[in-house]
Each structure stands twice: as C-alpha cells, then as structure tokens.
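Novice: Structure for the following, please:
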Amino acid sequence: MASSYREAAAALKRIDQNRCSLKTAAYASNNPKKTLALLSETLKTRPALEAAIAATGLRAAAACRDDRILLLATYDAVAGRGLPRRAGGKLISAIKARLADLKAAYAAAAPPPEPEREPIPRYLRCNPLRGATRASVRAALVAGGVADEDISDDGLLSELLVVAPGAASTVHGGHALVESGAVILQDKASCFPAAALLADLPPDWRGDVLDACAAPGNKTTHAAALLGTRGKVHAFDRDARRLAILEKRVAAAGAAD
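Specialist: Numbering: from 1, shown residues only. Model (predicted):
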C-alpha cells in the first residue's frame, strides 16, 4: 500500500473524528501539499464517490480493510490523477475492472460543476524586514518584465501591492523577490488581523504580541514587520511539523531576531 494513501487516510480519519482541521491534518503528513489537495478534492465529492463504490460493488471486490484508502484511491481513478499505481494489487485490479462503471456512476451522482470563477489578482506583501517597500518591489517587478499598468497599490493596506490577474502567474513561490523574503505571497484577508492589531498604534507604543496558533507563519511575520523594533512577537504552535514550517518562514522573512 502506497505510503501517500496511508498518510492521507490517517489524516482523513482525524478529520472524520473532528480531531483537527483539514489543513492541520495535511500538514502532519510528509507531503502536505499533495495530501491537502487529495483530501480537499475527495471531501468535496465524497457522496458521489460513495455512491459509485456502492453501485459497482467495489468495496466487496477490493476487500480493502480501510474504507478511507478505498475512497481516496477511487477519487484518483475517476476524477484525480488516474488509476493508482500503488494502492494494493487487489484494490487496483478491482478498480481497473470496474473503471468505466465507476466513472459513469460517479458522473451520475456528482454535483454540477461550479461556475467558472472570475480571475483573481495576486497580493504581494512588501516586507520591510528585508528592506522592501512598495516602490522597490514595483521597480523590481517592472525590471523583470511585469507591465507597470498590471501593478497597483492596495487601497486599504499600505504594505500590499496588487498584481492583475493576467500577470499574477509571473510572481510565484520561486520568484526571486519571494525567495529573498522581500515579498510574502499572502491573501489580502490574511493580512487584516495583524493590520487591525498593529497598523494604527501610535509611534511611541511599546509591547509584545502573542501568537498562540502561529503556523505556517504569514500572520506572524506580518505582525513582526508592523511591530518593528517596538517589541517582539512570541509565536507558538502545538504541531511539531507546522512549527518547523513556521521556523523556516520566520527565518526567510528576516523576523527570527
């Protein structure tokens, strides 16, 4: 049985038992992004997947001891990455023998597709802890080939730049500005907590911030950037794997000290 399915099934069990959230469960795995994507899509279509499994007799034929592995493997086969290569020989054979019927039953039970969403812009938080300003980031983006008209200042948060949807893909996790820590890729909504807490405080205010559920760290580093030398951010997370991610992001953002 492939370890990725075992990990995802264990994560799904914790979610089913209301022991943690989807993201917390995924970040406890060895491949958080892959596990999060698989769990998220499987949960969205779970009723249709269960209906397809029941309609085709797959559960009895596969004799899979873990119904959650059966569910995850079925999702991949009918709507995900394709027929699993490693999920137990009998399970793969049972899915393969019924694949056409599974797809038909899934299609009949699946909810209608969501309407196409409007393209969304990309928000860039300019990080003063790395000496970045909106002007310096804008200049670097334009020098890198992004059209100036595709870049605008956010009207509410003074540290945010907005890259138009058509150019949003040019600024990604591997971009030099992101890798250097000068830019943090962060949804606008995620920027409001730190801004609401710290943005309008008087310049002579001094104090510390306690972030008790800090991972993966975007809000934490935003608070540190707004706080500057006026105090410290004390960040905690009870999950060791998420804490390791937090430590990396804090270091990358120049907020470790």
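Novice: what about Leu156, neighbour count?
Specialist: If you count neighbours by other CB atoms under 10 Å, Leu156 ends up with 11. To be clear about C-beta, it is placed using only N, CA and C from the backbone, and glycine gets the same treatment.
Novice: just Glu118 next, same as before
Specialist: Other residues near Glu118 come to 6 when the count uses other CB under 10 Å.
Novice: Next: the one 3 residues further on.
Specialist: As a burial measure, Pro121 scores 18 neighbours (other CB under 10 Å).
Novice: What about it? Give its phi and psi, please.
Specialist: Its backbone dihedrals place Pro121 at phi -80, psi 170, with angles given as degrees, to the nearest 10.
Novice: nearest spatial neighbour of it, skipping sequence neighbours?
Specialist: Val162 (5.0 Å; CB to CB, 6 or more residues apart in numbering).
Novice: check contacts around the one you found.
Specialist: Pro121, Arg122, Tyr123, Leu124, Ile151, Ser152, Asp153, Asp154 (CB atoms under 8 Å, 6 or more residues apart in numbering).
Novice: Farthest-apart pair in these, please.
Specialist: In these, two members sit farther apart than any others by CB to CB. They are Arg122 and Asp153, at 14.0 Å.
Novice: Can you pick out the residue with more neighbours from these two?
Specialist: Here Arg122 and Asp153 are compared on neighbour count by other CB under 10 Å; more neighbours surround Arg122, at 18 against 14.
Novice: in the sheet, who's paired with the more buried one?
Specialist: With DSSP bridges applied, Arg122 shows beta-bridge pairing to Val163.
Novice: isn't it right next to Val163, touching?
Specialist: Yes - when contacts are counted by CB atoms under 8 Å, Arg122 is listed as touching Val163 (4.4 Å).
Novice: tell me, what's touching these two both at once?
Specialist: When contacts are counted by CB under 8 Å, 6+ apart, the set common to Arg122 and Val163 consists of Val171.
Novice: any idea which helix or strand carries the residue of the chain positioned farthest from its centre?
Specialist: Of all residues in the chain, Asp204 has its C-alpha farthest from the mean position, at 36.7 Å, by CA atoms, centre = their mean. Here Asp204, judged by DSSP states H and E, is contained in no helix and no strand.
Novice: What pLDDT does the model give it?
Specialist: Model confidence at Asp204, expressed as pLDDT, equals 90.
Novice: Got the phi and psi for it?
Specialist: According to degrees, to the nearest 10, the main-chain angles of Asp204 amount to phi -90, psi 10.
Novice: likewise Arg125?
Specialist: Backbone geometry at Arg125, expressed as degrees, to the nearest 10, gives phi -90, psi 120.
Novice: Distance of it relative to Ala214?
Specialist: 16 Å (CB to CB, to the nearest Å).
Novice: who has more neighbours, those two?
Specialist: It is Arg125, of Arg125 and Ala214, that has more neighbours when counted by other CB under 10 Å, with 28 against 22.
Novice: Do a quick rundown of the strands in the stretch 151-257 of the chain.
Specialist: When secondary structure is read from DSSP state E, counting those that start in this stretch, the stretch 151-257 of the chain shows strands at 151-153, 160-163, 183-185, 209-211, 233-235.
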